[in-house]
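# Quick one, structure for this:
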Amino acid sequence: MNKVVGIVEQRGVPLHSASWNRPWIEYCENNGITFIKIDPLDHELINSIRKVDILLWHLNGFEFQEMLIAKSVIQVAEEIGIKVFPSSRSSWFFDDKISEFLALKAIGAPIPNTEIFLNKEKAKEWVNNIEFKPVIAKLRNGSGSHNIVLLKSRRKAIRYIKKMFNNGLNSSPSLLFKASSNIRSSNSKEVFLSRFKKIPDFLRNLKSAKSYPREKGYVFFQELVPNDGFDLKIITVGKKVGVFGRSIRKNDFRASGGGSVIHDKEIIPNNVINSALETSGKLGVECMGYDYVIDKNNGIGKIIEMSFGFSYELLLEADGYFNESGEWIAEPLNAPKEILSSLYYEE
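Here you go, the predicted model:
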């Protein structure tokens, strides 16, 4: 077996602290696997891809130039017989909440009540005629709770609709939101310092994300699911299910991006484990991270968002995973290495 692995990495650009490239490179080096780095912005990109048998690309939704071509390149690579992670099935809805919703709704996955409008008058009619309750408004793209707001009144919802069908909103992350979020959710000096070290990552993301056009011409509304103050990151890697929880910030409704992590497998309902495995099976994806909120009125877990990319380090800290029978296996689950191993040794 003499396969070549291609790892996508921009030349001269520091790796994001959460990049999967580090464990991929470590796995190749430790197992004598030949690998090359491929610059996604190189004009000889396709020629470089032809040299590999496996292509690994930890997409960053804030990297505007990469995202311009990433999904097309993944599709082309598969067409010429290269094994790719993420696959086209896993990546076509990446960083696109509208596509995520459509995919989940189509397979009957458990999701919150969601309304998407591409017509301003229809959106206003809906808001004016429902028994109004606070509703979450989202932009298509963004992660870590960026671009998500809670509209607490009919008046604010109408104002939001008018803005989205007029000048729209800038989708790049907010420095003020990130700073205040980190301060509010830091419960120790150590936690604050660890987040402080990630500021260069955020500033690079912010610079690149400013290239994105303003989001407009649609509204995405989602119900606020009553919960007990945390959400769950449920990760399927093949038939293995990794889990961790995230506490909601003080005086906020968002858990993602807060950085307050819960490693307690006792808070994970079996129905959520089964739901995640079933959803990944129906979608036909090899690895997926789902954001679940448990509805405290009925105990049902609902999928808020999903992405093949997530913090593999937080998953490792859980020191175990569930198998498809719901049994806890006390062995760390290293998702990047698991994916590479599966692709490399697959016949």
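# Would you state the helices of this structure in chain order?
Secondary structure of the chain by DSSP state H: the helices cover 21-30, 45-49, 64-79, 88-91, 97-106, 120-129, 154-164, 175-185, 189-196, 199-209, 270-283, 312-317, 335-345.
# what's in contact with the first one?
Applying CB atoms under 8 Å, 6 or more residues apart in numbering, the set of residues contacting helix 21-30 from outside is 5, 7, 9, 15, 33-35, 56, 58, 312, 334, 336-337, 340-341. (Glycine included, C-beta is placed from N, CA and C.)
# Could you double-check that His16 lies in contact with Gly61?
No - contact criterion CB atoms under 8 Å: His16 and Gly61 do not qualify, at 11.3 Å.
# still on that earlier bit, out of the helices of the chain, which gets the lowest mean score?
Lowest mean pLDDT of the helices of the chain: helix 175-185, a mean of 45.
# got the contact list for Val272?
Neighbours of Val272 in contact, by CB under 8 Å, 6+ apart: Leu232, Ile234, Tyr292, Ile294, Gly301.
# out of these, which are buried?
Leu232, Ile234, Tyr292, Ile294, Gly301 (16 or more other CB atoms under 10 Å).
# wait, isn't the fourth one in contact with Ile234?
When you say that, I think you mean Ile294. No - Ile294 is not in contact with Ile234 according to CB under 8 Å; the separation is 10.8 Å.
# which pair in the contacts of Val272 spans the largest distance?
Within these, two members stand farthest from each other by CB to CB: Ile234 and Ile294, at 10.8 Å.
# Please report how far Ile107 lies from Glu278.
9 Å (CB to CB, to the nearest Å).
# Which strand residues bridge the spatially most central residue of the chain?
The centre of the chain sits closest to Ser307, judged by CA atoms, centre = their mean, with a distance of 3.4 Å. Listed by DSSP bridges, the beta-bridge partners for Ser307 are Gly289.
# What is the burial count for the nearest residue to Val127 once chain neighbours are set aside?
Leaving aside its chain neighbours, Val127 sits nearest to Ala157 (4.7 Å; criterion: CB to CB, 6 or more residues apart in numbering). Using other CB atoms under 10 Å, Ala157 has 23 neighbouring residues.
# give the contact list for Ala157.
Val127, Phe132, Val135, Ala137, Leu151, Phe221.
# Strands - which of those land there?
Val135, Ala137, Leu151, Phe221 (DSSP state E).
# most surrounded residue in those residues?
Val135 (24 neighbours).
# start to end distance for stretch 78-92?
The first and final residues of stretch 78-92 sit 13 Å from each other (CA to CA, to the nearest Å).
# I'd like the distance from it to the chain centre, please.
Centroid separation for stretch 78-92 versus its chain: 18 Å, with CA atoms, centre = their mean, to the nearest Å.
# Ok, stretch 104-122 next?
19 Å.
# hang on, the earlier thing: nearest to Ile98, of the contacts of helix 21-30?
His58 (22.8 Å).
# tell me the contacts of the closest one?
Counting by CB under 8 Å, 6+ apart, His58 touches Val8, Ser19, Trp20, Asn21, Gly309, Pro336.
# still on that earlier bit, out of the helices of the chain, nearest to Asn227?
It is, among these and with distance given as CB to CB, helix 270-283, at 12.6 Å.
# by how many degrees do that closest one and helix 97-106 diverge?
Interaxial angle of helix 270-283 relative to helix 97-106 (axes from the mean of the first three to the mean of the last three CA atoms, to 10 degrees): 100 degrees.
# List the buried residues in helix 270-283.
For helix 270-283, the neighbour count (16+ other CB under 10 Å) marks Val272, Ile273, Ser275, Ala276, Leu277, Thr279, Ser280, Leu283 as buried.
# Next one: the second one from Leu316, what distance?
Using CB to CB, one obtains 19 Å as the distance from Ile273 to Leu316.
# on that earlier part again, can you list residues touching both of Ile294 and Ile234?
Common neighbours of Ile294 and Ile234 (criterion: CB under 8 Å, 6+ apart): Val272, Gly301.
# Buried ones in stretch 14-21, by neighbour count?
His16, Ala18, Ser19, Trp20, Asn21.
# Now do the end-to-end distance for that stretch.
Termini of stretch 14-21 sit 11 Å apart (CA to CA).
# centre of the chain versus it, how much separation?
Remark: stretch 14-21 is offset 15 Å from the chain centroid, using CA atoms, centre = their mean.
# swap in stretch 139-159?
Relative to the centre of its chain, stretch 139-159 is centred 18 Å away, using CA atoms, centre = their mean.
# Ok, stretch 134-148 next?
For stretch 134-148, the distance to the chain centre is 12 Å (CA atoms, centre = their mean).
# Domains in this structure, by residue range?
Domain assignment of the chain by automatic domain parsing yields the ranges 4-85, 97-223, 230-345.
# Highest mean neighbour count out of those?
Among those, domain 230-345 has the highest mean neighbour count (mean count of other CB atoms under 10 Å), at a mean of 18.
# Now do that one: distance from first to last residue.
Calculated as CA to CA, the first-to-last residue distance of domain 230-345 is 38 Å.
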